[in-house]
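Enquirer: build the 3D model from these lines:
(one chain, ligands or ions: 1)
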Amino acid sequence: MCGIVAYVGHQEAAPIIIKGLKRLEYRGYDSAGISLLNGGLHVYKKKGKVAELEALLDGESLSSKIGIGHTRWATHGEPNDTNAHPHRSASGNLTIIHNGIIENYAALKQELLKKGYTFTSETDTEVLINFIDDIRQHQQCSLGEAVRQALNAVVGAYAIVVMAEDNPGLLVAARKGSPLVVGVGNGEYFFASDATPIIEYTNEVIYLNDFEIAVVNDGRLVIKDTSDIEKTPYIQTINMELEAIEKGGFEHFMLKEIYEQPRSIGDCMRGRLNAAEGRLVLGGIREYSNKLTHAERILIVACGTSWHAGLVSEYFIEEFCRIPVEVEYASEFRYRNPVINEGDVVFAISQSGETADTLAAIESAKAKGAIIFGLCNVVGSSISRVSHEGAYTHAGPEIGVASTKAFTAQLTVMFMIALRIAHRKGTIAESKYHQMLVELENIPGKVEEALAVDNQIKEIAARYKEARNFLYLGRGYNFPVALEGALKLKEISYIHAEGYPAAEMKHGPIALIDEEMPVVFIATQDSSYDKIVSNIQEVKARKGKVIAIVTQGDTVIPAMVDHVIEVPATEEALMPLVTVIPLQLLSYHIAVMRNCNVDQPRNLAKSVTVE
Ligand code: M6R
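Expert: Numbering: from 1, shown residues only. Purely as a prediction, here's the structure:
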């Protein structure tokens, strides 16, 4: 986790870094800091959000054309001023920002302690900067060389940027396992965990690869790998609008992202789907297309919301393509020695493309001969680069920690992939295929309609905002939606919630139901409608409070329940794209009413780049 930003050039560094840290706060927000070179190397850092750091900087003389900044999600050491980054070496000569974990830091620290080094923080990062400084002093080598040698001795993951007191034009950055983007401006360079702090200044970027070290010295950039071999930088032009990463008049990023879904779902179909012509093109799946079509087994690895998207995808693929699918938590898959046969196909689904467990699951499947298809939202992310092929979800930057528009985009892309396989294999009738394409094209309009229930949901939120527990129940395609609704509520409002297949309720959770218990049923008119009506009756018989998401025009369920939210009808397989909308809104409004920090919930970070 953690966000890092650095700058060297002709502009004042501090405002660029502070603004950049605010854009990266979604990655971690328990402390923040900045180091500047202004008549000596200065470090300012503070527990809390970037706003606390800004208050600390008020009135300070910050003029510097070079600087590094960090926003932290604690791994080693509690969140406090001392453990906050940047960290300074004991000599005072170097400062560092770091995103990742140095796994062998304890052994390195022992060596340094023996040499007389002392440490002020509990972090692995303070060990790393002293290790680099020690090499530099003893070998009288350049900072770039000292960083290279240090990294060759380090086990773990890192994106780092180091600056030195004795060189006002020098920044040394490196990555392994944690993302790092270099922005190439006019005589100036930017470094950041993703492109959002950079795009205001330049859209020319280089995505550093693992084991690469970038040295900017007096306006010149050189990239080498940790074996000291020079690399030719691949400069890409990125296409990201500034307004896409700003709130655009909404109170929170999460609400903006919920409301963006008609557009983001449309964006992810653009250029890929033309229902009138029966055309479905996925440009990122070419060379391995046949392997995918003829796969005997498909595995899906993911975490959190992306794992829920994987569950819905399992239903798509098995229904339309008749290929067996297994969906695994990446964190379990990576450690349990799963059976993978040569030619098995693995889909890795990840909004950020940086989730450590998903990356590790990919590596383990790849080593056993699987073909990996990455489904990421962040362009240039690690997962998209280590996958054989894949597809971007094109939902645009998702800043709110609770994933919303990325989920619906993941469903949209996986649905298109399933239809494409089924069409090629001949496991879907031509008429059904065309009907599905048409209905998919209609989904943005239906999501727009589903958003119209917002005011009604606010009233329900006000009624249940003090509840201590919630139960979410669904069947078939709506079961993963129940899991997703429960996760959304837990993570942003801190109310305990469970998602279950509705029929499983009587095997345990039914014991929880009393007149205090809100139970959200996702009960649209589909193949399990009659069954779910029975499940609702079971809850009502025990005096539970039922909030039902139903198909527009339903008259049966509204007569039985306490609250009804209508969504437009669509194909059963596409229902999750519509039914998840009221659940996102319900969690959002409850969290706001409970004064929770919606975009930055406690203990969480947007991308989990550590185990
Ligand atoms: O970036 P990823 O999709 O790989 O992230 C996976 C999970 O960490 C993520 O979905 C998490 O569960 C969200 N906070 C859910 O809203």
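
Enquirer: who touches residue 14 in this structure?
Expert: 34, 36, 57, 62, 64, 67 (CB atoms under 8 Å, 6 or more residues apart in numbering). Glycine gets a C-beta too; all of them are placed from N, C-alpha and C.

Enquirer: got CSV for these, with pLDDT and secondary structure too?
Expert: As requested, the contacts of residue 14 are arranged in CSV below (pLDDT from 0 to 100; DSSP: H, G, I helix; E, B strand; the rest coil):
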residue, pLDDT, secondary structure
34, 98, strand
36, 97, strand
57, 94, helix
62, 93, coil
64, 97, coil
67, 98, strand
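
Enquirer: and which of the residues you listed is nearest the ligand?
Expert: Nearest to the ligand, judged by CB to the nearest ligand atom, of those is residue 34 at 26.7 Å.

Enquirer: and the closest residue to that closest one other than its chain neighbours, what are its phi and psi?
Expert: Distance criterion CB to CB, 6 or more residues apart in numbering; nearest residue to residue 34, sequence neighbours excluded, is residue 69 at 4.2 Å. Torsion angles at residue 69 (phi, psi; degrees, to the nearest 10) stand at phi -140, psi 160.

Enquirer: related to what we said a few turns ago, quick one: which of the contacts of residue 14 has the most company?
Expert: Ranked by neighbour count (other CB atoms under 10 Å), the contacts of residue 14 have residue 34 at the top, with 31 neighbours.

Enquirer: around the ligand, pick out the residues from the stretch 251-400 of the chain.
Expert: 303-306, 350-352, 355, 358 (CB under 6 Å from any ligand atom).

Enquirer: in the protein, which residue is most central in space?
Expert: residue 352 (3.5 Å; CA atoms, centre = their mean).

Enquirer: the helix or strand harbouring residue 221: what's the following helix or strand?
Expert: When elements are defined using DSSP states H and E, residue 221 is found to belong to strand 220-225. Where DSSP H and E defines the elements, the next helix or strand beyond strand 220-225 is strand 230-231.

Enquirer: C-terminal to that next one, what's the next element?
Expert: Criterion used, DSSP H and E; the element after strand 230-231 is strand 236-237.

Enquirer: centre of the chain to the helix or strand in which residue 486 is found, how far?
Expert: Element membership for residue 486 (DSSP H and E) is helix 478-493. Helix 478-493 sits 16 Å away from the centroid of its parent chain (CA atoms, centre = their mean, to the nearest Å).

Enquirer: cool, and stretch 505-512?
Expert: The mean C-alpha position of stretch 505-512 is separated from the chain mean by 33 Å, CA atoms, centre = their mean.

Enquirer: now it: buried residues?
Expert: 505, 509-510 (16 or more other CB atoms under 10 Å).

Enquirer: ok, back up a step: quick check: bridge partners of the residue nearest to residue 34?
Expert: residue 5, residue 34 (DSSP bridges).

Enquirer: which element is residue 60 on?
Expert: Applying DSSP H and E, one finds residue 60 in no helix or strand.

Enquirer: for the closest residue to the ligand within the chain, which residues are in contact?
Expert: Using CB to the nearest ligand atom, residue 304 is the residue of the chain that sits closest to the ligand, at 2.0 Å. For residue 304, the contact set (CB under 8 Å, 6+ apart) comprises 403, 487.

Enquirer: now it: how far from residue 68?
Expert: Distance of residue 304 to residue 68, given as CB to CB, to the nearest Å: 30 Å.

Enquirer: go on, residue 138?
Expert: 24 Å.

Enquirer: neighbour count: the two, which is higher?
Expert: Legend: neighbour count by other CB under 10 Å for residue 138 and residue 68, higher for residue 68 (29 against 10).

Enquirer: the closest residue to that one other than its chain neighbours: neighbour count?
Expert: In this structure, residue 68 finds its nearest non-sequential neighbour in residue 6, 4.3 Å apart by CB to CB, 6+ apart. Residues near residue 6, counting by other CB under 10 Å, number 33.
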